[in-house]
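structure of the sequence below:
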Amino acid sequence: MKPTHSLKKLKELSKRYARAQQVPLHEARDLVARQLGFPHWNDVTKEHRTGWLPTQAQLSSIESLLINSLPGDEAGRPKHGSYIQTSIFENDVQHGKIDGHEYQISVSLGDVHLYGTGWHLHVPEAPNKAPRLEIAAQIEQEAPVHEPQFQKQALSIALKRAEQVRAGIASDWPRRSSKPDKEGVVRHPISGAESNKWYCLHCDSSMTGNQIAKSLWHCPTCGASPLDIHENAWWLKDGDARPKPIADNDIPERPDLVVDVRDTRLKLELDPEKITLLIRSALVEDASNASERLGALFAEISVDEDNDVWIILDVDLWPELKEPVSALAVAALLGVKVEREICLRELPFAWPGLGEHTSSTVEYTEMMLKAYASQRSDKAVE
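Got it, this is the predicted structure:
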């Protein structure tokens, strides 16, 4: 490596570390200098001018700073692209063990998910949102996830990954998005707008540039995403209450872990919409031609407060004596009663009997269009 290239590499690494950790650049460079055995960054540049070059081992030790603070292989960019682009849905599922019990950890939309048998720990990207541990009530109480020490270890792993995610995002954003200037002005990482005062569309709070940068552009009050943060409250009208400024001492830290023990097994909760969908599907299955299929789709199906079903079929689309065998069988499985009625209704198409001659909707449509075409006004009336 050429001398100029080695110093450039050190500068790039220190710059990315500063962005990731949201610290001033001079602090990051002094940290790099100490990692190399120098008191300050100026000593590094002085020695470099006299011909000193970092060894490969020293460069690796600096890269490890990024490896420990960024997710995945982010220290190896740019070949992997930006963190934000590649981690919207992160495919890298990592595996590990806590006291011999296996877990998986992944990231989706900035949120960290840690899974084990019968449990799921979720850490939101927003720094003031509580991490939540969901435990399946149907697993044995002796399961290790019920033990406070196990929960503490799992939370530590998930929070560490969350810090890496935040660092990865911050390293992608413009420096001015995470480091306010002397007047507190910061740049929105998405819109590019600059201001020292910002507003949350979600909760109508106002905040300073320092506050929003520190929270990584999530509302310090409600945790809304950067998309809800704007440089002016354009949605307010005359007479609306003005946004309330957020005091520094009102900004919460990340809340403690919330443990939710519940039965996670899927349960079917029948309602009129679900019952109607199943009954209509069964009616379509009972249809033996295009006309009856239209009758099944056109049928009026209502469900009362006891979940019993009333079906009204049109006599021109459904034979009066035909039993809807599948629909009755579905109703029996659901434990509901069925009442049927045949009536005459205004149909969507003329000549409903055409569909009795085919099971193909395409063929029925073709016959129907020909029948309509035969009714042209220039044809003689027979």
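
show me the contacts for I312.
Under the criterion of CB atoms under 8 Å, 6 or more residues apart in numbering, the neighbours of I312 are A299, E300, I301, R340, E341, I342, C343, R345. All C-beta spots, glycine's among them, are computed from the backbone N, C-alpha and C.

any idea how far the first one lies from L347?
The spacing between A299 and L347, counted by CB to CB, to the nearest Å, is 12 Å.

name the SS class of the spatially closest residue to K274 that is not a sequence neighbour, please.
Leaving aside its sequence neighbours, K274 sits nearest to L268 (CB to CB, 6 or more residues apart in numbering; 7.8 Å). For L268, the assignment made with DSSP: H, G, I helix; E, B strand; the rest coil gives coil.

what about L268, neighbour count?
Neighbourhood size, L268 [other CB atoms under 10 Å]: 6.

tell me how the chain divides into domains.
Split into domains by automatic domain parsing, the chain comes to 3-69, 85-172, 175-249, 272-373.

now tabulate the contacts of I312 in CSV and tack on neighbour count and pLDDT.
Formatted as CSV, these follow (neighbours: other CB atoms under 10 Å; pLDDT from 0 to 100):
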residue, neighbour count, pLDDT
A299, 22, 94
E300, 12, 95
I301, 19, 95
R340, 15, 92
E341, 9, 92
I342, 15, 90
C343, 10, 90
R345, 14, 86
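
could you pull out the strands for the stretch 151-300 of the chain?
186-187, 194-195, 197-200, 205-208, 229-230, 244-245, 258-262, 300-303 (DSSP state E, counting those that start in this stretch).

among the ones you listed, which is the most enclosed?
Of all the strands of the stretch 151-300 of the chain, strand 186-187 carries the top mean neighbour count, a mean of 24, counting by mean count of other CB atoms under 10 Å.

ok now that strand, how far from the chain's centre?
In terms of CA atoms, centre = their mean, to the nearest Å, the centre of strand 186-187 is found 26 Å from the chain centre.

again with stretch 127-139
Distance, stretch centre to chain centre, for stretch 127-139: 17 Å (CA atoms, centre = their mean).

what sits up against stretch 182-195?
For stretch 182-195, contacts defined as CB under 8 Å, 6+ apart pick out 173-174, 176-180, 196, 198, 208-210, 212-213, 217, 226-227, 229-232.

how far out from the middle of the chain is that stretch?
Distance, stretch centre to chain centre, for stretch 182-195: 26 Å (CA atoms, centre = their mean).

residues of that stretch that come out buried?
By neighbour count on 16 or more other CB atoms under 10 Å, the buried set for stretch 182-195 is V186, R187, H188, P189, S195.

looking at these, which is nearest G51?
Distances from the buried residues of stretch 182-195 to G51 were compared by CB to CB; the smallest belongs to R187, at 39.6 Å.

picking up where we left off before, so which of the domains of the chain gets nearest R262?
With CB to CB as the criterion, R262 lies closest to domain 85-172 of these, at 5.5 Å.

what about that closest one, average pLDDT?
When pLDDT is averaged along domain 85-172, the result is 83.

stretch 355-364 now?
On average, stretch 355-364 scores 93.

end-to-end on that stretch?
When the termini of stretch 355-364 are compared using CA to CA, to the nearest Å, they are 6 Å apart.

list of residues touching that stretch?
Residues from elsewhere that reach stretch 355-364, judged by CB under 8 Å, 6+ apart: S288, N289, A290, S291, E292, R293, L294, L317, L354, M367.

closest one to Q149 out of those residues, please.
Proximity of the contacts of stretch 355-364 to Q149 (CB to CB) peaks at R293, which lies at 61.5 Å.

pLDDT at that closest one, what is it?
Reported pLDDT for R293: 95.

how near is the closest residue to it other than its chain neighbours to V258?
Ranked by CB to CB, 6+ apart and with sequence neighbours excluded, the top spatial neighbour of R293 is A287, at 4.0 Å. Counting by CB to CB, the separation of A287 from V258 is 51 Å.

same question, S302
With distances taken as CB to CB, S302 is found 42 Å from V258.

quick one: distance of stretch 312-326 to the chain centre.
The answer for stretch 312-326 is 45 Å, by CA atoms, centre = their mean.

and it, average pLDDT?
Rounded mean pLDDT across stretch 312-326 is 93.

and it, end to end?
16 Å.

same question, stretch 95-102
Using CA to CA, the two ends of stretch 95-102 sit 7 Å apart.

number the residues from 179 up from this point.
Understood, numbering begins at 179; the last thing we discussed is stretch 273-280.

contact partners of that stretch?
Contacts for stretch 273-280 (CB under 8 Å, 6+ apart): Y281, Q282, I283, G294, T295, P322, F328, Q331, A332, I335.

and the helices in the protein?
Under the criterion DSSP state H, the chain contains helices at 181-199, 203-213, 219-227, 234-247, 261-264, 326-350, 353-356, 387-392, 450-464, 468-476, 503-512, 539-551.

mean neighbour count for these - can I get that in CSV?
Below are the helices of the chain laid out as CSV (neighbours: other CB atoms under 10 Å):
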stretch, mean neighbour count
helix 181-199, 18
helix 203-213, 18
helix 219-227, 16
helix 234-247, 15
helix 261-264, 16
helix 326-350, 19
helix 353-356, 20
helix 387-392, 22
helix 450-464, 17
helix 468-476, 22
helix 503-512, 16
helix 539-551, 13
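
and of the ones you listed, who's closest to V290?
Nearest to V290, of all the helices of the chain, is helix 326-350, at 4.8 Å by CB to CB.

and of the domains of the chain, who's closest to D441?
So among the domains of the chain, domain 263-350 is nearest, using CB to CB, at 4.6 Å.

for the closest one, the distance to its chain's centre please.
Centre to centre, stretch against its chain (CA atoms, centre = their mean), the figure for domain 263-350 is 15 Å.

now do stretch 404-413
Using CA atoms, centre = their mean, the offset of stretch 404-413 from its chain centre is 21 Å.
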